[in-house]
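# With the sequence up front, the predicted model follows.
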Amino acid sequence: MPENKTIVLGITGSIAAYKAADIASKLTQEGAKVEVVMTPSATKFITPLTLRNITGRPVVSDMWDLSDEFSVEHVALAEAASVVVIAPATANIIAKLAAGIADDMLTCVVLATKAPVILAPAMNDNMFQNPITQDNLKKLKVRGFTIVSPAYGRLVSGKVGVGRLAEIEEILCVIKKVLGRNGDLKGRRIVVTAGGTREPIDPVRHIGNRSSGKMGYALAEAARDRGAEVTLISAPTLLPEPKGMEVIQVETTLQMKEAVDKVLSGVDALIMAAAVADYKPAQIWGEKIKKHSPTLTLKLERTPDILAELRGKLLKVGFAAESQDVLKNARIKLEEKRLDLMVANDVTQPGSGFDSDTNKVSLIFKDGRVEELPLLSKREVAEKILDKVASLLEVK
């Protein structure tokens, strides 16, 4: 997470410079201390005052202070940085860094820092594809720089090609992954399931549930940001697909089970946050069922119990969404499925049901311990769960 991290955001002279304001805003909202360094040409596209108001921090754009004395602020910023991000990065700044040239405040900061450096190029497609630019990017990759590849789309010239600044969410994802390289889940492989499975009745109808997938997605993103290699197996949701992880889309419970079985080799933990359907129609109609009769009887049969049928030494975390006898029913599930940790919540409580952005859960351990959490955002709940996962993995 960017919280309490110092992020140096470098902005160069590209038309995409205005998008850096959104990056600065989102990082600041997540608790990061954002230090903005602008090249002189960047100030022609967006004013330092804009960035100062967004971050609440002074913006550095000149190597010389008011008394014409050389500023050493680049050294302080370089040493304080948790990560340096240049977005947008022009062909000019890429060329200077590849050549080791430090002739403005931003290049001085990059050459003086030991923090990881992320570049998000934005330029004309011909400039990006030019062998010189490509050679410079290769040199920087070899030196440990992380490159966020530009996107395909309409460019300022009116052409359509590769050169647009990557999507803001993708850049933020890379920042979080870089910050989480040494997190407590570094080197761990985590599989998370999310969403509500659907069991088809006919081509237009299905048996499903009200799961939004928000809890599972929050867990997957939080695990990614703590250094884990994450695979998200998702039933249908309305959520955007998260970046920086493998995402496998499924629909039915059987498809989810097959996907889980396929990826489990070498996995450290499975967090089963998906709300899988317990029953499916015994018969699936090939055509839409018409309303010819006042009643319709469906015969249902059990679906596979994904967690209960798993074997192996991996850590298993389950979820129990209950409407009565919450702790009692959750404990039964924990024992029957041989879990290491059960997350139980009462879906009848305000703020703890489906589609909510918050959750109030109890963590139940296989040794009988229960830890009740207050009402928190689902991301905060995810962090609390992963605290326990990290500890349990250390014990294992």
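Sure, I can see it. The model shown is predicted, which means the values in this text are computed figures rather than measured ones. Numbering: from 1, shown residues only.
# From here on, just use CA atoms for contacts and neighbour counts.
Fine.
# Sketch out the low-pLDDT regions of the stretch 151-300 of the chain for me.
By pLDDT under 70, the stretch 151-300 of the chain has no low-scoring segment.
# Run through the strands of it in chain order.
Taking DSSP state E, counting those that start in this stretch, the strands of the stretch 151-300 of the chain run over residues 151-154, 160-164, 189-194, 199-202, 205-207, 229-234, 246-249, 269-272, 279-281, 300-302.
# Who are the contact partners of the closest residue to Ala218 other than its chain neighbours?
Spatial nearest neighbour of Ala218, excluding adjacent residues (C-alpha to C-alpha, 6 or more residues apart in numbering): Arg379 at 5.2 Å. By C-alpha atoms under 8 Å, 6 or more residues apart in numbering, the contact list for Arg379 reads 215, 218-219, 222.
# If you count neighbours, what's buried in the helix or strand containing Arg379?
For Arg379, the element it lies in under DSSP states H and E is helix 378-395. By neighbour count on 16 or more other C-alpha atoms under 10 Å, the buried set for helix 378-395 is 378-383, 385-386, 389-390.
# so which of those residues comes closest to Lys243?
Arg379 (15.9 Å; C-alpha to C-alpha).
# roughly how far apart are that closest one and Leu111?
35 Å (C-alpha to C-alpha, to the nearest Å).
# thinking again about what came up before, of all the strands of the stretch 151-300 of the chain, which one comes closest to Phe365?
Shortest distance between Phe365 and those, using C-alpha to C-alpha, is found for strand 269-272: 14.1 Å.
# Given that closest one, what are its sheet partners and their directions?
Applying DSSP bridges, strand 269-272 is found paired with strand 189-194 (parallel), strand 315-322 (parallel).
# Those strands: which one's closest to Asn136?
strand 189-194 (33.2 Å).
# buried set for the closest one?
Of the residues in strand 189-194, 189-194 count as buried by neighbour count, 16+ other C-alpha under 10 Å.
# What of stretch 250-257?
250-254, 256-257.
# Show me the helices in the stretch 201-350 of the chain, by range?
Using DSSP state H, counting those that start in this stretch, the helices of the stretch 201-350 of the chain run over 214-225, 253-263, 326-336.
# what would these look like in a markdown table with distance to Arg311?
Putting the helices of the stretch 201-350 of the chain into a markdown table (distance: least, C-alpha to C-alpha, whole Å) gives the following:
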| stretch | distance to Arg311 |
| --- | --- |
| helix 214-225 | 22 |
| helix 253-263 | 10 |
| helix 326-336 | 13 |
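# which one of those helices has the most crowded surroundings?
Most buried of the helices of the stretch 201-350 of the chain, by mean neighbour count (mean count of other C-alpha atoms under 10 Å): helix 214-225, with a mean of 27.
# domains in this protein, as residue ranges please.
For the chain, the structural domains run 6-179, 189-395, going by automatic domain parsing.
# Only alpha carbons, please: show stretch 76-83 as PDB.
Taking Å, rounded to 0.1, in the frame of the first residue of the first chain, the C-alpha atoms of stretch 76-83 are listed here in PDB:
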ATOM      1  CA  ALA A  76      17.000  14.900   0.000                       C
ATOM      2  CA  LEU A  77      14.200  13.800  -2.400                       C
ATOM      3  CA  ALA A  78      16.300  10.900  -3.700                       C
ATOM      4  CA  GLU A  79      17.100   9.600  -0.300                       C
ATOM      5  CA  ALA A  80      13.500  10.000   1.000                       C
ATOM      6  CA  ALA A  81      11.900   8.200  -2.000                       C
ATOM      7  CA  SER A  82      10.300   4.900  -1.500                       C
ATOM      8  CA  VAL A  83       9.800   4.800  -5.300                       C
END
